[in-house]
Each structure stands twice: as structure tokens, then as C-alpha cells.
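Peer 1: no sequence on this one, just coordinates:
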């Protein structure tokens with residue numbers, strides 16, 4: 001239902017933030033210049049909005065990065081980045097609601113409550129600007145597999161879209177005859193009159209909903225095209241699945257963001273790993289289009305090209321980061337795309353042809369494992385530039401040295417979990433817990449990076465946190481993790497057990513492939529850990545004035561850096577960590593605002609707040 005509607009002129013402008021990544025390139029870059037490196041230290045809170053309705057209890061929240069049971073809390077976690085279009089802010093809350101706010105004051109304009117206690121995608125909503133006959137709409141997927149469309153002016157369910165404003169995405173063509181889960185955690189992409197959706201499916205078991213990418217008519221909700229992320233017989237790529245391993249398999253889904261080159265009409269699908277993503281004994285082969293960026297005709301879904309970043313993924317490294325950039329070389333501008341898996345291995349490709357702009361070679365990697373029937377792929381692609389941004393191997397002599405209590409805690413974890421070191425792309429084992437780096441959280445994850453076209457710098461936050469993973473055989477003969485999702489860290493403090501730095505902000509010049517600068521990201525109170533940094537989840541944004549803003553860290557801070565140099569210019573304490581990305585927009589009076597959603601609720605933290613926090617200059 002919708003309440004308290006008000007009219008608004010809804011046209012995108014240069015001061016708007018109309019997509020999770022600012023626009024469909026997902027460069028997360030704003031042309032606003034009112035807040036500058038010289039005045040950013042003057043930022044002050046303008047308004048806050050509490051997302052939790054008064055008296056409403058939060059659901060028990062399961063931390064996404066741990067096997068610990070759900071933790072009760074007054075609050076629920078959000079990874080959302082708000083949108084602002086023509087003075088109205090739109091965002092999903094983790095309390096079964098979509099809200100529209102006056103972007104200058106935080107006053108509610110309308111509220112939509114999802115039926116049946118359904119939950120909107122936790123990372124955001126999408127804005128469709130209308131087609132002249134039908135007005136603008138807010139579109140989003142839900143936990144229960146619905147695709148909703150709301151009238152952007154009123155918050156009411158859009159007339160003529162699906163059945164009473166919603167489409168059931170759990171269609172027979174993707175459900176494989178199962179009742180498996182299928183929903184959305186990220187907002188869809190928008191291309192002309194199409195809504196392009198990925199999905200969230202199960203991590204295991206193997207059989208379940210397909211990870212296909214689909215496009216829907218933004219006016220009617222009718223299905224327009226489907227791209228099969230696991231090819232069927234007769235389709236290109238089918239030969240990379242031996243035997244019947246393709247059949248009824250889940251995974252190979254796009255759970256993150258889909259960039260679109262509107263000028264060329266190309267959508268780029270960052271396809272994740274197939275199920276099960278720690279064991280591939282039942283799926284010999286390279287397993288296309290798992291772990292690939294796939295370029296398709298945005299209007300028809302027709303395949304154009306693909307580039308696979310990991311063959312036969314048995315580590316859960318997915319493909320969370322795909323961003324459109326421009327590379328300047330020999331006086332020419334090359335339309336390009338940055339693709340990064342969780343291992344922070346950055347591939348820079350020509351986005352028209354898919355050809356790497358820096359040489360990529362297949363390097364030999366370890367294949368030895370004691371898991372029967374597992375056939376790890378003997379080589380993996382590695383770019384000549386840039387070098388991997390995060391730690392990719394670990395020796396047990398590299399356990400953190402201090403403080404002594406941390407060292408003792410890490411040695412205890414290593415003994416209890418039977419942790420052993422690893423080389424790059426080391427296969428998992430049954431006799432020990434391989435300390436795979438940089439781990440399932442990454443490296444990099446859904447927050448992605450930001451591209452500043454003036455400097456040609458791609459700025460991204462990275463982690464160095466290992467995942468000790470030991471395999472054991474399941475009753476049905478398959479293989480799974482013995483201790484579930486675990487991380488090589490002190491369970492009390494959350495500090496990683498590898499030598500610092502643990503969290504960094506890194507800038508890569510895409511024109512040269514060189515790292516321009518890197519700086520520690522995050523503060524620790526212990527003097528011996530002053531330069532260690534913090535684990536982060538979420539990402540940065542950049543502005544045309546030369547600023548990089550990022551929340552993301554477990555110390556609940558928002559920071560501003562000089563994009564050219566990496567110098568820290570400003571920071572402020574948030575009520576909880578921001579695990580989406582910040583965003584910036586122009587208010588009605590011309591002032592520039594900075595907004596973050598601060599809830600906590602990741603990296604084993606319970607959610608501790610429910611605030612949208614907006615800053616501006618005095």
C-alpha cells in the first residue's frame with residue numbers, strides 16, 4: 001500500500017543520482033563540484049531519517065559472512081544506496097518498505113509497504129524515467145521473487161504492470177521444477193523500456209533455480225528476453241560442461257549490478273560461480289558462463305562476447321565488480337570495461353570487442369587435492385597489468401605478530417581449524433583447512449569501485465582476510481565445507497590473522513595499468529595496529545572536484561580522500577557502519593549533499609542503527 005502521496009516533477013538532472021552506480025555505467029562518479037578538497041572539512045549533518053517504523057520489531061538477522069546463528073537486534077541491516085531524482089530521494093528500507101523523501105529536508109513524501117512481509121532488494125531500487133505516455137516508475141525485485149513497479153510520484157503500484165503492479169519471476173523456465181529460493185538483492189538495470197534483472201539463488205545444493213538473466217517490458221511487465229547463463233545443448237559454451245553436469249544446475253547467476261552502455265546498446269552481465277562453488281567434482285570443465293563478463297545486445301539479449309576471469313571456480317570468487325571506463329591511449333579514447341573477481345585481479349577489456357587492453361596469459365596453478373573426482377583447471381588467466389591488488393597466497397609464518405593477545409588468538413584458531421598455508425588458486429582439501437586468500441569476502445565485493453574520468457583513476461577498496469576452508473563429504477556423496485563460512489581472524493575482536501595491512505584504498509590508472517597510490521583504510525585503537533586498516537564492505541564514489549568518499553569500514557566512519565593523491569582530508573563518526581556506497585546530489589537551493597545509509601550488520605557485526613545521514617556545507 002502507499003500513503004501520503006504528493007506530486008512531483010520527475011526529470012533526471014545533472015545533480016541527480018538516478019542509479020545505484022550514479023548512472024548505468026556504474027562508474028559511481030558525480031559531476032558536482034560544490035564540495036571540494038579545500039572545504040570538505042566543513043561538512044556538517046543536515047538531516048537524518050530513521051527507517052525503522054516506531055514500534056516495529058526487526059527480524060533476526062543472519063550475518064552473511066559467518067556460520068553463526070541469527071542475532072536478535074532492534075534493527076535490520078541495509079546495504080542500500082539511495083537514489084535522488086528532481087529533489088526526491090528513493091530507497092528501500094530493511095523493514096518491508098520503500099520510502100520517498102524530500103531530499104532537502106528528509107520529510108516523507110510517500111511510503112509503500114510490501115505485502116506478505118516481503119523484503120525489497122537490500123542494495124537499492126531502480127528508476128525508470130517513463131516513455132512519454134507512462135510516467136516514471138520505481139522498480140525493484142524482492143526476496144520472494146517478485147518484480148515490483150511503483151508510480152514514482154505517488155508510490156502506488158503501477159497500473160498495467162504485471163498483475164496489480166508486480167511480476168512473479170519464479171517462472172517454470174528458471175525454476176527447474178523445484179521450489180528453490182529465487183529473489184533479488186541488487187537493483188535491476190534500465191535500458192530504454194526494459195528492466196534487466198539478475199537474481200539471488202542458493203549457494204547449495206547443486207540443483208535449483210537457474211541463474212538466467214532476463215529483461216522485462218517496463219510498461220507491461222511482459223518477459224522480453226532471456227539469456228541462459230548455463231548453455232543448453234546446441235548453444236555456444238555447452239561443451240564446457242561435461243556429461244549432464246549442466247542439467248538443472250543452479251548458480252551462475254548475476255547477483256550484483258549490470259552496467260549498460262546506452263550509446264552502443266550493450267548490457268554487461270557479471271556472472272557468478274556455479275553451484276556448488278567450493279566443489280566441482282560433478283561439473284568437470286571450464287563451466288561457462290560462470291565467472292564471466294558476458295556482453296549481450298541490451299534490446300534482445302543476443303550474445304556478443306564473453307571473457308571468463310576464473311575457470312572452473314571452486315573458491316567462490318564470483319565476479320562482483322564490472323564498471324564502464326574510458327582508456328586514453330596514443331591520443332585515442334577506447335571504450336573499456338573493468339572486471340574484477342573477489343581476488344582483486346583486475347581485467348581491463350575493450351568493451352566493444354571483449355579483447356584485453358593489457359596482455360592476459362594463462363598461468364599454471366596448483367591442482368593437487370585429496371578430494372576424489374575433483375579436477376581443478378590447470379591454468380588461470382592473469383593480466384600483465386595491473387598486478388593483483390590483494391594478497392593471493394599465505395604462509396603460516398605470516399601470522400600477525402602483535403599485539404600478543406591477537407597473535408595467541410590467531411594461533412589458537414589455526415590449531416582448532418587445522419589451518420594450512422596456500423598458494424594462489426590452491427584447491428581445497430579434506431585433510432586440512434586451506435587458508436584461501438583473499439577469502440570469500442574479497443579482495444573486492446559488491447561495493448565495487450569508482451572511476452574518475454578526469455584523472456583516469458579507478459578507485460577501489462580491498463581486504464586481506466583469509467578463509468580457512470576444509471571440505472568433507474556429505475551424506476549424498478557430494479562435498480561441502482566442514483565448518484561452513486569461517487574466516488581467519490580473532491573471533492573476539494574480528495581482527496584478521498594475516499600480517500597487515502588488512503584494509504586499503506587503491507587507485508589504478510587505467511591508461512597505464514599502474515597503481516597510482518594506495519593507502520590504509522580504517523582506524524584501530526591499538527598502537528601496534530595503527531597502520532593495519534579495517535575490513536570493509538561497500539564501496540567508494542568520486543566527484544569532479546577531486547574527492548573520493550567512502551564509508552564501508554567496520555569502524556563506522558565516513559571518509560573523504562583526495563582522488564589524485566589518496567590523502568585523507570576528512571572523516572566523521574556514523575551511528576553504524578555504511579555497507580552500501582555513499583551518494584551525492586544537488587538540493588533545490590543549489591547546495592551539494594552527501595548521503596549514507598548507516599545500519600551496520602556485516603563482518604559479524606549486528607545491525608545497530610537505522611539511519612539515513614545527510615551532510616552538506618554550512
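Peer 2: The structure has been received and is ready for your questions. Keep in mind that this is a model prediction, so the values were computed, not measured.
Peer 1: would residue 236 count as being in a strand?
Peer 2: No: membership of residue 236 in a strand is not supported by DSSP: H, G, I helix; E, B strand; the rest coil, which gives coil.
Peer 1: distance of it from residue 294?
Peer 2: Shown here: residue 236 relative to residue 294, a distance of 11 Å by CB to CB, to the nearest Å. Using the backbone N, CA and C atoms, a C-beta is placed for each residue, glycine as well.
Peer 1: of these two, which one has the most company?
Peer 2: residue 294 (24 against 11; other CB atoms under 10 Å).
Peer 1: strand partners of the helix or strand hosting that one, parallel vs antiparallel please.
Peer 2: Assigned by DSSP states H and E, residue 294 belongs to strand 292-297. Strand 292-297 pairs in its sheet with strand 266-270 (antiparallel), strand 303-308 (antiparallel), by DSSP bridges.
Peer 1: my read is that residue 417 contacts residue 468, right?
Peer 2: Yes: shown here, residue 417 and residue 468 form a contact pair, counting by CB atoms under 8 Å, at 4.8 Å.
Peer 1: before we move on, what's the pLDDT of the residue minimising distance to the centre of the chain?
Peer 2: Closest residue to the average C-alpha location of the chain: residue 446 at 1.4 Å, with CA atoms, centre = their mean. You'll see residue 446 listed with a pLDDT of 91.
Peer 1: in three-state terms, label it for me.
Peer 2: Applying three-state DSSP: residue 446 is coil.
Peer 1: dihedrals phi and psi, it?
Peer 2: Backbone torsions of residue 446, given as degrees, to the nearest 10, read phi -60, psi -20.
Peer 1: for it, what are its contacts?
Peer 2: The contact partners of residue 446, taken as CB atoms under 8 Å, 6 or more residues apart in numbering, are 79, 123, 186, 255, 256, 257, 320, 537, 538, 539.
Peer 1: what's the burial count for the second one?
Peer 2: Counted with other CB under 10 Å, residues neighbouring residue 123 total 26.
Peer 1: wait, isn't it in contact with residue 198?
Peer 2: No: assessed by CB under 8 Å, residue 123 is found out of contact with residue 198, at 11.3 Å.
Peer 1: mind listing the shared neighbours of these two?
Peer 2: Common neighbours of residue 123 and residue 198 (criterion: CB under 8 Å, 6+ apart): residue 186.
Peer 1: stretch 169-184: end-to-end distance?
Peer 2: Its first and final residues considered, stretch 169-184 spans 10 Å by CA to CA, to the nearest Å.
Peer 1: go on, stretch 200-208?
Peer 2: Stretch 200-208: ends 11 Å apart by CA to CA.
Peer 1: next one: stretch 351-359
Peer 2: 15 Å.
Peer 1: so for that stretch, what's the average pLDDT?
Peer 2: 98.
Peer 1: now do the buried residues in that stretch.
Peer 2: Within stretch 351-359, the residues that count as buried by 16 or more other CB atoms under 10 Å are 351, 352, 354, 356, 357, 358.
Peer 1: quick one: the closest residue to residue 302 other than its chain neighbours and residue 226, what's the gap?
Peer 2: Distance criterion CB to CB, 6 or more residues apart in numbering; nearest residue to residue 302, sequence neighbours excluded, is residue 296 at 6.1 Å. Relative to residue 226, residue 296 is positioned 11 Å away (CB to CB).
Peer 1: more neighbours: the two, which one.
Peer 2: residue 296 (23 against 15).
Peer 1: was I right about the more buried one contacting residue 306?
Peer 2: No: applying CB under 8 Å, one finds residue 296 not in contact with residue 306, separated by 9.3 Å.
Peer 1: so which residues of the stretch 301-450 of the chain form strands?
Peer 2: Per DSSP state E, counting those that start in this stretch, the stretch 301-450 of the chain carries strands over the ranges 303-308, 321-329, 332-340, 346-350, 360-364, 379-383, 419-420, 433-436, 449-452.
Peer 1: quick check: closest non-adjacent residue to residue 486.
Peer 2: Distance criterion CB to CB, 6+ apart; nearest residue to residue 486, sequence neighbours excluded, is residue 468 at 5.8 Å.
Peer 1: stretch 394-407 spans what distance, first to last residue?
Peer 2: Start-to-end, stretch 394-407 (CA to CA) is 16 Å.
Peer 1: tell me the buried residues in it?
Peer 2: 394, 398, 399, 400, 406.
Peer 1: one more: stretch 416-433?
Peer 2: Those would be 417, 419-422, 424-429, 432-433, for stretch 416-433 by 16+ other CB under 10 Å.
Peer 1: also stretch 226-235?
Peer 2: For stretch 226-235, burial by neighbour count (16+ other CB under 10 Å) applies to 227, 228, 229, 230, 231.
Peer 1: wait, which of those is closest to residue 577?
Peer 2: residue 229 (32.1 Å; CB to CB).
Peer 1: wait, that closest one sits on residue 213?
Peer 2: Yes: using CB under 8 Å, residue 229 is in contact with residue 213, at 6.5 Å.
Peer 1: before we move on, the earlier item: got the contacts of residue 446 as CSV, with secondary structure columns?
Peer 2: CSV is the format used below for the contacts of residue 446 (three-state DSSP):
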residue, secondary structure
79, coil
123, coil
186, coil
255, coil
256, coil
257, coil
320, coil
537, coil
538, coil
539, coil
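Peer 1: neighbouring strands - and their directions - for the helix or strand harbouring residue 468?
Peer 2: Remark: residue 468 resides in strand 467-469, with elements defined by DSSP H and E. Strand 467-469 sits in its sheet next to strand 433-436 (antiparallel), going by DSSP bridges.
Peer 1: now the buried residues of stretch 351-359 as JSON lines including distance to residue 278?
Peer 2: Shown next, in JSON lines, are these (distance: CB to CB, whole Å):
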{"residue": "351", "distance to residue 278": "31"}
{"residue": "352", "distance to residue 278": "35"}
{"residue": "354", "distance to residue 278": "28"}
{"residue": "356", "distance to residue 278": "28"}
{"residue": "357", "distance to residue 278": "32"}
{"residue": "358", "distance to residue 278": "30"}
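Peer 1: which of those sit farthest apart?
Peer 2: For the buried residues of stretch 351-359, the maximum inter-member distance is 16.5 Å, found between 352 and 358 (CB to CB).
Peer 1: longest helix in this protein, by residue count?
Peer 2: helix 404-417 (DSSP state H).
Peer 1: still on that earlier bit, what is in contact with residue 417 and residue 468 at once?
Peer 2: Common contact partners of residue 417 and residue 468 (CB under 8 Å, 6+ apart): 433, 483, 486.
Peer 1: show me the beta-bridge partners of the first one.
Peer 2: For residue 433, the beta-bridge partners are residue 419 (DSSP bridges).
Peer 1: quick check: pLDDT value at it.
Peer 2: Looking at residue 433, the pLDDT reads 96.
Peer 1: what does the last one give?
Peer 2: Among the per-residue scores, residue 486 holds a pLDDT of 89.
Peer 1: please, where are all the helices along the stretch 101-250 of the chain?
Peer 2: Per DSSP state H, counting those that start in this stretch, the stretch 101-250 of the chain carries helices over the ranges 172-175.
Peer 1: and for the stretch 451-600 of the chain?
Peer 2: Under DSSP H, counting those that start in this stretch, the stretch 451-600 of the chain gives no helices.
Peer 1: where are the low-confidence patches of the protein?
Peer 2: For the chain, the stretches with pLDDT under 70 are 1-12, 57-72.
Peer 1: how about a cut-off of 50?
Peer 2: 1-11, 60-70 (pLDDT under 50).
Peer 1: pairing partners for residue 139 in the sheet, please.
Peer 2: The partner residues for residue 139, given DSSP bridges, come to residue 126, residue 149.
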